[in-house]
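Colleague: Pasting the sequence and the predicted coordinates here, then a few questions.
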Amino acid sequence: MSHTETSHSLGSIVERFGGELIGDRNISITQVAPLDLAQPWHLSFLSQPKYRSQLETTKAGAVILGRESRDLTALPRIVCNDPYVYFARVSAFLNPVALPPPGAHPSAVIATSAQIPASATIGAHVFIGEQVVIGERTVVGSGCCLGEGVAIGEACFLHPRVVIYPRCVIGDKVTLQSGVVIGSDGFGIAMDGGHWLKIPQIGRVIIGNDVEIGANTTVDRGAMGDTVIEDGVKLDNLIQVGHNVRIGAHTAIAGCVGIAGSTKIGRYCRIGGAAMISGHLQIADNVTISGATGVGKTITKAGTYTSAYPFEPHNVWLKNAVQLRHLHELAQKVRNLEQQSKKSKRKTK
Amino acid sequence: MSHTETSHSLGSIVERFGGELIGDRNISITQVAPLDLAQPWHLSFLSQPKYRSQLETTKAGAVILGRESRDLTALPRIVCNDPYVYFARVSAFLNPVALPPPGAHPSAVIATSAQIPASATIGAHVFIGEQVVIGERTVVGSGCCLGEGVAIGEACFLHPRVVIYPRCVIGDKVTLQSGVVIGSDGFGIAMDGGHWLKIPQIGRVIIGNDVEIGANTTVDRGAMGDTVIEDGVKLDNLIQVGHNVRIGAHTAIAGCVGIAGSTKIGRYCRIGGAAMISGHLQIADNVTISGATGVGKTITKAGTYTSAYPFEPHNVWLKNAVQLRHLHELAQKVRNLEQQSKKSKRKTK
Amino acid sequence: MSHTETSHSLGSIVERFGGELIGDRNISITQVAPLDLAQPWHLSFLSQPKYRSQLETTKAGAVILGRESRDLTALPRIVCNDPYVYFARVSAFLNPVALPPPGAHPSAVIATSAQIPASATIGAHVFIGEQVVIGERTVVGSGCCLGEGVAIGEACFLHPRVVIYPRCVIGDKVTLQSGVVIGSDGFGIAMDGGHWLKIPQIGRVIIGNDVEIGANTTVDRGAMGDTVIEDGVKLDNLIQVGHNVRIGAHTAIAGCVGIAGSTKIGRYCRIGGAAMISGHLQIADNVTISGATGVGKTITKAGTYTSAYPFEPHNVWLKNAVQLRHLHELAQKVRNLEQQSKKSKRKTK
C-alpha cells in the first residue's frame, strides 16, 4: 500500500515503456499525479478531452499525451498511443504492492492439515480450517477466515476480514478487498405448505486467475453446480453474485450491481454501477450495460443496453410521471385520432 | 457444508418421501444434480418447462417429475405433485448440515456472565459480551461478535464474522450468513441549526424462528420500539432493513433490496431483487414486488406490483427517453387534437 | 448502547432545554417513546401531522408539541419551535452513549510503534498496525483492523469489525458502524491488449469531524488524490463511495446509495435511499435527490431532483411499459396529426 519514492529520469521511463519523448530527458520523476494536483516531481497524463484546460495550468514536471494532443503543451511530454494505459504501467512500476514479511502471526489459528508454504503471510487473528491449501507468496490479511478445504493459488492478496466458505477454489494473483464473502449459501428456497424449505447449497465458487473483487462484495456458492468467475474478471464493491452465475473472462462490473441466480454473462462485458440483472439469463460477449439499467431478458448481441429513467427537477418529473400511468390510454387516443383523420381525409376528397 | 455420500435406492427414497415410482426401484442414488450436470448416480428433477429439452439428453439415474410430465421420458422417475419441493426434501436428506464439534475454541473471548451450553460451538476469535445467552446446539462461527445482553435460541448457525449488537434477540433455528450485521444504529438524525443531531437508537432487533439472513445484509435496531423480523422470513444478501421495520412471517426478499425505516411488510410477501421500499409504508400480506421496483406508497391489496423501466439498445432508449421529458406536453397536444377533432366533426355535420 | 433509567421531572427538562411547559411540572420522566408505545413514565412527541390521531389515545406522561399543536391535547406538554429537535436533545440527554472502560484487551495485537492513549479502549481481537495514532477516549470495537499509519481523532467510536486501510485519516467524534470498510482500493483499471491493468490506488480517505458511517458501507481510497468526507456528513448502511469522491459538509445520504468515482457532492445535500450517482459529476450545495433516482448529469442549482418510475399493478405496468418502447414513434404520430390538423384548418377556412 505504501510506495517507494525513488526517482527516475524521464529518459529511463521512456526506455522502459516506449513512447516518444519531447523535452528534457533528465527531468526527475518520483510519482504520478492528476493534472490539477501535480507538482514538478510528478508525471501526469491527459486521457479525456474534458480535462484539457488543466493542461494549461498544471505544475506537472512532465505529461503523457496521445498523438492527437502532442502539441497542446510545451511541457516535457511522452507521446504514445494510449496515455491511460501508459500511465497505468508507469504507476504500477512506481508503486509496487508492498508485501508484508512472510510467516504466520502467532495469534492465527491454523488447522494442522492445512498446507501453507513458508513464503505465504498469515495475519493476526486469521482462521484457517482443515485441508486448506495456500499457494506461494499469498497474503492472508488480519481477521480472514478460510473454511475447510479452501484452495487458494499463488501470489494472491486477501485484505483483512475476508471470508471464504468451505471447498471454494481461488486461482493465482487474485485480490480480495476487505469484507468480501465468497461461497455463502445461495438463496434457494421452495414453498412447502406455508413454510419455506431450504435447498442445500452444495456447489462451490470457482474463481480464476487475475481476478479482483471489491470491498463487501458477496459471491454465493452454487446450489448444485458451481458459481464461476473466469480469469481476469474485475468486480467493484457491494456487488451481489447469485448462485450458479458464470461471469466470463475479462468482464468488468462496477459497484452495487446485482446478478441473480444462474445467469451467464459473457466475456469482455462492461456493466455499469447499480445495474440489476435477473436470473436464468444469457448475456453475450462484449455487451455493455449502462449504469442503473435493469436487464430482464437474455441479450444475444454485443452492444450497449440501457433502461435508466432520466432525472428531472421534481415538479417536472411529477407532471411527466403522472402521464406514464396513462401511456397506454394516450397511445389509444392517438390511434383513434389517426383513424378519424383518415376518415375525414376520405370525406374531404 | 460437506455432505455424506452414502447411497440410497430409489425405492427407499419413495418409501420415505412418497410419490409414484416408475422404473427400477434398486437404482442407487448418492446425490441430487441438475439435468445438465447429472450422472447415473444422481437424482435430478424437472420443475420448469424451459428445461424440458435437457430431459432428453440427461445422464441422470432417475428424475423427479410433475404429473403432467410423467410420460416425457423413459428414465426411472418419481412422479409427484411438486417436483421442486420433492427435490428440496431429498436434497436436505442427502445433505444434512455438518455441525462442528461442540465446545469453545480457546482463542474465543467469552464474558464470565455469558450462559453457553455445553452443546454449543464457539469458534476461534469469537467475542461474547456480558449477559449473553446462547441456546442448545447453536454454532457461533469464527470471528463473530455478540454484544452485551444478546440472546440467541437453539440450533442457530452463525457463519463466520457476524456481528450482533447489544440486547438483540434471535429465535431458534436461525441462520446468519457471514458479514451480517444485526442491531446497528438506525439512520435517525434531526437538523438543528446547521448540524445534524443524532437521535439515540435505543430499540432492539427481534428475530423469530426459522429465519435466514444472507451475507453482508444489515438490520438496524429500532429508534425507540424494535425492528422485528417474524418467523420463517428469508432474506438474501446485501439487503438493508431500516429501523423499526417489521417483516411479516414467511416473507422472502431477494438480494440488494432496501427497506426504509418504519415500513411494515405483510406475511407471505415476495420481494424481487433490488426493489426499493420507502419508509413509513404498509405492504399487505401476499404482495409480490417485482425486481428493481420502487415502492413509494402503501399497498393495501395482495397482487403483483412493478415499476421497472424496460431496457433497450442504447440508441433506441435515447430516442424514447428524450420523449419522456416531454410526456406532459405530448398528452396536452393529444388533448388539443381531440378537441379540434370534435369541433371539426360538429362543423362537418 | 444501554441507557440509564434515572428519572427527571418535566420541570427540570424545561429548565434544561427551554420551551413552554403546560401542566404538572412534577411529572416524572425516565425515557422517550413514540406516541403509540408510550407509558406514563415516557415523554413523547408529535412531529408529523399523520400521527395526530395517536395523540388522542397515547398513554404518554407528557408530550412535546409544536406551537401550532399546543391545544390538540389536554396532556402535560412542552410547546416549542421544533418538537423533533427538542425530542432528539432530550433523548440524547436520557441516553448517553455507554463507553466501555479504557484499556486494551490482551487479545488485541498492537504494533509497538502505534500511539494509543490510556483513555482509549481497544477491544478483543483488534489489529493495529505500525505508526497508527489514536486520539483520547476513542473506542475501537472487537475485531477492528487498522492498517499501517492510520490516524484517528478523539472520542471516536468504531463498532466491531471495522477495517481501515493504511494511511487513512479520521477526524474527531466519528462513529463507524460494524462492517464499514474505509480505504479499500478504488475501481481503477485500464484495458491493455485484452487484459485489465490495475491502476495503483495511492491516495487516501480523509474523514472530517462528527461524521457517522453506517453498517457495511464502503469508502474507497483515492486513485491519486484523496477521497474526502467533510465534517458532519452522515452516511447510512450499504453505501458505496467511489475513489476521489468528495462529500460536502453536513450532507446526509440514506442507505444503498452508490456514488461513482471523482464526483463532488455539495454541502447540506440530502440524498434518498438507493439513489445512484454517476462519476465525474458536480452536485451543488443544498440539492435533494429523491430515493431511487439515477443522476447522470451535473446539477448546478439547489432543488429537488427525481427520476423514479411510478409503480403500478403488474398488468397495468405491462400495458404502459410496452408503449414506452414506442414513445418516440408516438410523439412522431402526434406531430403528423398536428400538421394534418393545421392543413385541414387552412382548407376549411
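Modeller: Structure's in. What do you need?
Colleague: Would you map out the domains in chain A?
Modeller: A:8-94, A:103-305, A:314-348 (automatic domain parsing).
Colleague: ranking these by burial, who's on top?
Modeller: domain A:103-305 (a mean of 23; mean count of other CB atoms under 10 Å in any protein chain shown). Placement of C-beta: from N, CA and C, glycine included.
Colleague: coming back round to it: just send the domains of chain A back as CSV, with distance to C:Ile164 and mean pLDDT too.
Modeller: Below are the domains of chain A laid out as CSV (distance: least, CB to CB, whole Å; pLDDT from 0 to 100):
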stretch, distance to C:Ile164, mean pLDDT
domain A:8-94, 23, 95
domain A:103-305, 9, 98
domain A:314-348, 37, 88
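Colleague: measure the most centrally placed residue in chain A to chain B for me?
Modeller: With distances taken as CA atoms, centre = their mean, the residue of chain A nearest its centroid is A:Leu235 (3.0 Å). Here the distance between A:Leu235 and chain B works out to 13 Å (CB to the nearest CB, to the nearest Å).
Colleague: Any idea what that residue is bridged to?
Modeller: Per DSSP bridges, the residues bridged to A:Leu235 are A:Ile213, A:Ile253.
Colleague: correct me, but it touches A:Thr217?
Modeller: Yes: A:Leu235 is within contact range of A:Thr217, at 5.5 Å (criterion: CB atoms under 8 Å).
Colleague: Spell out the secondary structure type for A:Ser91.
Modeller: For A:Ser91, the secondary structure call by DSSP: H, G, I helix; E, B strand; the rest coil comes out as helix.
Colleague: For it, give me its contacts.
Modeller: Residues in contact with A:Ser91, defined by CB atoms under 8 Å, 6 or more residues apart in numbering or on different chains, are A:Val32, C:Ile199, C:Pro200, C:Ile202.
Colleague: The last one sits in which helix or strand?
Modeller: I take that to be C:Ile202. Assigned by DSSP states H and E, C:Ile202 falls within no helix or strand.
Colleague: Confirm for me that it is in contact with A:Asn95.
Modeller: Yes: with contact defined as CB under 8 Å, C:Ile202 counts as touching A:Asn95 (5.4 Å).
Colleague: residue contacts, A:Ile22?
Modeller: With contact taken as CB under 8 Å, 6+ apart, A:Ile22 is in contact with A:Arg70, A:Pro76, A:Arg77, A:Ile78, A:Val79.
Colleague: Recalculate using a threshold of 10 Å.
Modeller: A:Leu10, A:Ala62, A:Leu65, A:Arg70, A:Asp71, A:Thr73, A:Ala74, A:Leu75, A:Pro76, A:Arg77, A:Ile78, A:Val79 (CB atoms under 10 Å, 6 or more residues apart in numbering or on different chains).
Colleague: Columns distance to chain B on top of the contacts of A:Ser91, output as a markdown table?
Modeller: As requested, the contacts of A:Ser91 are arranged in a markdown table below (distance: CB to the nearest CB, whole Å):
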| residue | distance to chain B |
| --- | --- |
| A:Val32 | 33 |
| C:Ile199 | 26 |
| C:Pro200 | 26 |
| C:Ile202 | 27 |
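Colleague: Where strands are concerned, which of the residues you listed count?
Modeller: Judged by DSSP state E, the subset of the contacts of A:Ser91 located in strands is A:Val32.
Colleague: Pick the one among the contacts of A:Ser91 closest to C:Pro166.
Modeller: Distances from C:Pro166 to the contacts of A:Ser91, taken as CB to CB, are shortest for C:Ile202 (10.7 Å).
Colleague: correct me, but the closest one touches C:Gly183?
Modeller: No: assessed by CB atoms under 10 Å, C:Ile202 is found out of contact with C:Gly183, at 11.4 Å.
Colleague: Name the residues contacting each of A:Leu235 and A:Thr217.
Modeller: Overlap between the contact sets of A:Leu235 and A:Thr217, as judged by CB under 10 Å, 6+ apart, is given by A:Leu176, A:Gln177, A:Val180, A:Val241, A:Ile253, A:Gly255, A:Val257.
Colleague: Tell me the one among those nearest to C:Gly19.
Modeller: Distance ranking of the shared contacts of A:Leu235 and A:Thr217 against C:Gly19, using CB to CB, places A:Gly255 first at 45.0 Å.
Colleague: quick one on the thing from earlier: distance to A:Gly141 added to the contacts of A:Ser91, as CSV?
Modeller: Supplementary listing: those in CSV, determined by distance: CB to CB, whole Å:
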residue, distance to A:Gly141
A:Val32, 26
C:Ile199, 21
C:Pro200, 18
C:Ile202, 19
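Colleague: roughly how far apart are the closest residue in space to A:Leu99 that isn't next to it in sequence and chain C?
Modeller: Closest residue to A:Leu99 in three dimensions, ignoring its sequence neighbours and counting by CB to CB, 6 or more residues apart in numbering or on different chains: A:Val139, at 6.4 Å. Applying CB to the nearest CB, one obtains 13 Å for the distance of A:Val139 from chain C.
Colleague: Same check on A:Gly149?
Modeller: Following CB to the nearest CB, the distance that separates A:Gly149 from chain C is 24 Å.
Colleague: need the contact list for that residue.
Modeller: When contacts are taken as CB under 10 Å, 6+ apart, A:Gly149 is in contact with A:113-114, A:129-133, A:165-169, A:204, B:1-2.
Colleague: so which pair among those residues is furthest apart in space?
Modeller: Comparing all pairs in those by CB to CB, the longest separation belongs to A:Ser113 and A:Arg204, at 18.8 Å.
Colleague: The lengthiest helix in chain A vs chain B: in contact?
Modeller: Across chain A, the helix with the greatest residue count (assigned by DSSP state H) is helix A:327-348. Yes: part of helix A:327-348 sits close enough to chain B to count as contact by CB under 10 Å from any CB of the partner chain, namely A:327, A:329-331, A:333-334, A:336-338, A:340-341, A:343-344, A:347-348.
Colleague: likewise stretch A:301-315?
Modeller: Yes: judged by CB under 10 Å from any CB, stretch A:301-315 comes into contact with chain B at A:Lys301, A:Gly303, A:Thr304, A:Tyr305, A:Thr306, A:Ser307, A:Ala308, A:Tyr309, A:Pro310, A:Phe311, A:Glu312.
Colleague: Just those: which are in strands?
Modeller: Reading strands off the residues of stretch A:301-315 next to chain B with DSSP E, I get A:Gly303, A:Thr304, A:Tyr305, A:Thr306, A:Glu312.
Colleague: nearest residue to the first one other than its sequence neighbours?
Modeller: Counting by CB to CB, 6+ apart, B:Pro313 is the residue found nearest to A:Gly303 once chain neighbours are left out, at 5.7 Å.
Colleague: isn't the residue nearest to A:Leu99 right up against A:Phe157?
Modeller: Yes: the pair formed by A:Val139 and A:Phe157 meets the contact definition of CB under 10 Å, at 4.9 Å.
Colleague: any residues in contact with both of these two?
Modeller: Contact criterion CB under 10 Å, 6+ apart; residues shared by A:Val139 and A:Phe157: A:Val97, A:Leu99, A:Pro100, A:Thr121, A:Thr175.
Colleague: Mind putting these into TSV with secondary structure?
Modeller: Rendered in TSV, the data for the shared contacts of A:Val139 and A:Phe157 read as follows (three-state DSSP):
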residue	secondary structure
A:Val97	coil
A:Leu99	coil
A:Pro100	coil
A:Thr121	strand
A:Thr175	strand
